[in-house]
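S.K.: Need coordinates for the below:
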Amino acid sequence: MNTQPKLPSPAIPEAWNSKEAWRVFGIMSEFVSATDRLNRIHPAVTIFGSARTKPDQPYYKLTEEISRLLSDAGFSVISGGGPGIMEAANKGAFYGKSPSVGLNIQLPHEQSSNLYQNISQTFQHFFARKVMFVKFASAYVVMPGGFGTLDELMEALTLVQTGKTRKMPIILVGSKFWSGMIEWFRTTLLEEKVISPDDMNLIQIIDEPQAVVSAIFKHYESRGFEPSEAERERQLYL
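M.R.: Numbering: from 1, shown residues only. The predicted structure is shown next:
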């Protein structure tokens, strides 16, 4: 005989149900608006990194240099639109030849839009914003960062690993910063067989700015930057 007490069904106010239903339209509008504004920025590189990095710190200056090189090479540069590494990424592109794109997020703290954006789009929902990071990128450059950066990196790796988006360069900059994580991938994830040896090839670690640009060009030299029809179709289901 089951003696476990039965939990009462929570009473959800009708007004809240209505609010949740209308929220769907807000999500749809974010996707429509962002897709319309970003459709013309190909090819583009998304740069991730910490919002807490200060302008006088080495990773800020390194990010700015990488971004400027990418912009001058013909890539739009996409960042999260906030301070720190995001600002450095936008700033480098802003003074380069190609557009600087900021995908801003509304947060209770820590996120304020930087001034170096040719194209600026603001989101309320993290997941809609993350889709746009992926959908319009030809490569990811991941600078040192915290939980948000790790979240974006793991999402990118998962989408490429599972074939939900096309295979593209995922470049980690800062070998000293990332070495512990990469070693853990090798000694724990691989040994436990929760990833395959080929999955390690999805990541490159590069510290020199011009080498970052060269690695992206090398990846696409035999196929061009535009997604194939099959890749476009897959990206509809991100």
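S.K.: so where's this structure shaky on pLDDT?
M.R.: Counting by pLDDT under 70, the chain has low-confidence residues at 1-3, 7-18, 108-111.
S.K.: now with 90?
M.R.: Applying pLDDT under 90 to the chain flags the ranges 1-42, 105-113, 122, 124-132, 134-135, 166, 222-238.
S.K.: At the geometric centre of it, which residue do we find?
M.R.: Residue closest to the average C-alpha location in the chain (Cα atoms, centre = their mean): Phe133, at 4.5 Å.
S.K.: roughly how far is the top helix by length along the chain from the heart of the chain?
M.R.: Ordering each helix of the chain by length in residues (DSSP state H) puts helix 14-38 first. Centroid displacement of helix 14-38 relative to its chain, using Cα atoms, centre = their mean, to the nearest Å, is 21 Å.
S.K.: Which neighbouring elements make contact with it?
M.R.: strand 119-123, helix 126-135 (3 or more Cβ pairs under 8 Å, 6 or more residues apart in numbering; DSSP states H and E). (Glycine included, C-beta is placed from N, CA and C.)
S.K.: which one is the residue nearest to the centre of the chain nearest to, not counting chain neighbours?
M.R.: Once flanking residues are discounted, Phe133 sits nearest to Thr46: 5.0 Å by Cβ to Cβ, 6 or more residues apart in numbering.
S.K.: from what I can see Arg68 touches Phe94, true?
M.R.: No: Arg68 sits out of contact with Phe94 when judged by Cβ atoms under 8 Å, with a separation of 9.0 Å.
S.K.: just to revisit the earlier point, possible to save the helices and strands packed on helix 14-38 as a markdown table with distance to Glu191?
M.R.: Compiled in a markdown table, these are given as follows (distance: least, Cβ to Cβ, whole Å):
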| stretch | distance to Glu191 |
| --- | --- |
| strand 119-123 | 38 |
| helix 126-135 | 29 |
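S.K.: Tell me which of these lies nearest to Ala51.
M.R.: Of all the helices and strands packed on helix 14-38, helix 126-135 sits nearest to Ala51, with 13.8 Å by Cβ to Cβ.
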